[in-house]
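Asker: Pasting the sequence and the predicted coordinates here, then a few questions.
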Amino acid sequence: MTDNEPGGQGHEVNKEKGIEIMTVAEAERRGRPYMEAIVSERNDFKRRYRESLQDRAEKLGEVEKLRELEQQVAEIRALLLARTGPNPTQLQIEWAQNEVRSELLKLAHGARAFTRHHRVPPFRVGGAMLALRKVNEADGNPWVIIFDANTKLNEQHEATPDGVKCCAEQNLMYRITEPTNPGETGIYRVLSIAVVGEPRADDVSGMLHGTLTPCAECRDRLVYDPKLTGKAGIISLQTEIVTQSADDVDLNRVDEVEHLHGMHGEKREDD
């Protein structure tokens, strides 16, 4: 994140983009409603810089890879449905999280193929999400698995240094709040989010962990997006965040949303 993007460090109004930006601590002194407004503003701002997974796969010549991962998702969903039925109990939900954690990481790793980033080689981050949705008559399967990757595009959807970043986690969350695939509608609970990327220092806290953990914008959205958190209840403080180093698949960590800010020396409004 840079100072000219929504949510960057400092406290000013970006004249070009018209977005007020400030540190987390400054914003939280104004309370949760203010943080929700900031996150909503960021989400609206980023919308025109987003590009669908299908469009990226076509531009990158990775349609076959997309279909391969979609087939893997179909197989995992079928396995979960066979084991839990259409109305999983809490024990079955916990079993499913443990059962597919490694598969989510594999999907996230594969999803890195759909990154569009100006750097050579690109800074690739992939994500995958396990969620539950209201059962519909079309397939009767409550299990949803979504995968996506990071982008940094301008309004013409070109990968440029001055593009606006949209992390893999952000693209996953947009798939819930703005679904375009009928199979991704009706999600009411996110259980796990897996992220795979090259570890690097956080762009706000400066802290470096063994795996790439969600950035400041993602941390905020995971706690304050009014369409997903709080009363919405789709993402909770107990939602599992699983991260893995793209350089060393044996290097993993499992956290929960409620610990993400603290890992970077930040204090949430509701602490």
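Answerer: Thanks, I have it.
Asker: what's the spacing between the most centrally placed residue in the chain and residue 86?
Answerer: Nearest to the geometric centre of the chain sits residue 169, at 1.4 Å (C-alpha atoms, centre = their mean). From residue 169 over to residue 86 the distance is 28 Å, taken as C-beta to C-beta, to the nearest Å. C-beta: built from backbone N, CA, C; applies to glycine.
Asker: Equivalent analysis for residue 258, please.
Answerer: 30 Å.
Asker: and if you look at residue 259?
Answerer: Noted for residue 259: a distance of 32 Å to residue 86, by C-beta to C-beta.
Asker: now do residue 238
Answerer: 23 Å.
Asker: can I assume residue 132 sits in a strand?
Answerer: Yes: assessed with DSSP: H, G, I helix; E, B strand; the rest coil, residue 132 lies in a strand.
Asker: which residues does it bridge with?
Answerer: Counting by DSSP bridges, residue 132 forms beta bridges with residue 143, residue 189.
Asker: for residue 148, same thing?
Answerer: residue 127.
Asker: which residues sit in contact with it?
Answerer: Applying C-beta atoms under 8 Å, 6 or more residues apart in numbering, we find residue 148 in contact with 53, 111, 114, 126-128, 168, 171-172, 175.
Asker: Same question for residue 52.
Answerer: So, once contact is read as C-beta under 8 Å, 6+ apart, residue 52 ends up touching residue 180.
Asker: before we move on, what about the one 5 residues further on?
Answerer: Contacts for residue 57 were tallied using C-beta under 8 Å, 6+ apart; they are 63, 65-66, 114.
Asker: Same check on residue 251?
Answerer: Going by C-beta under 8 Å, 6+ apart, the list of residues near residue 251 reads 210-211, 244-245.
Asker: cool, residue 83 as well?
Answerer: Contacts of residue 83 by C-beta under 8 Å, 6+ apart are 92, 95-96, 99.
Asker: where do the strands sit along the protein?
Answerer: Along the chain, the stretches classed as strands by DSSP state E are 12-13, 20-21, 125-133, 143-149, 151-153, 164-166, 187-197, 240-245, 248-256.
Asker: helices and strands around the fifth one, which ones?
Answerer: For strand 151-153, the contact count by 3 or more C-beta pairs under 8 Å, 6 or more residues apart in numbering; DSSP states H and E identifies strand 164-166 as packing neighbours.
Asker: wouldn't residue 80 be in contact with residue 100 here?
Answerer: Yes: if you go by C-beta atoms under 8 Å, residue 80 and residue 100 touch, sitting 7.1 Å apart.
Asker: Could you list the low-pLDDT ranges of the stretch 1-150 of the chain?
Answerer: 1-29, 137-138 (pLDDT under 70).
Asker: Helices of that one, residue ranges please.
Answerer: 24-28, 32-46, 53-60, 63-84, 90-111 (DSSP state H, counting those that start in this stretch).
Asker: Contact partners for the closest residue to residue 101 other than its chain neighbours?
Answerer: Spatially, and ignoring its direct neighbours in sequence, residue 101 is nearest to residue 242 (6.0 Å; C-beta to C-beta, 6 or more residues apart in numbering). By C-beta under 8 Å, 6+ apart, the contact set of residue 242 is 101, 104-105, 192-195, 252-255.
Asker: which of those tops the neighbour count?
Answerer: Counting by other C-beta atoms under 10 Å, residue 194 has the largest number of neighbours within the contacts of residue 242, with 31 neighbours.
Asker: in terms of contact, does that one touch residue 129 like I think?
Answerer: Yes: counting by C-beta under 8 Å, residue 194 does reach residue 129; the two are 7.5 Å apart.
Asker: what residues are shared contacts of the two?
Answerer: Contacts common to residue 194 and residue 129, judged by C-beta under 8 Å, 6+ apart, are residue 104.
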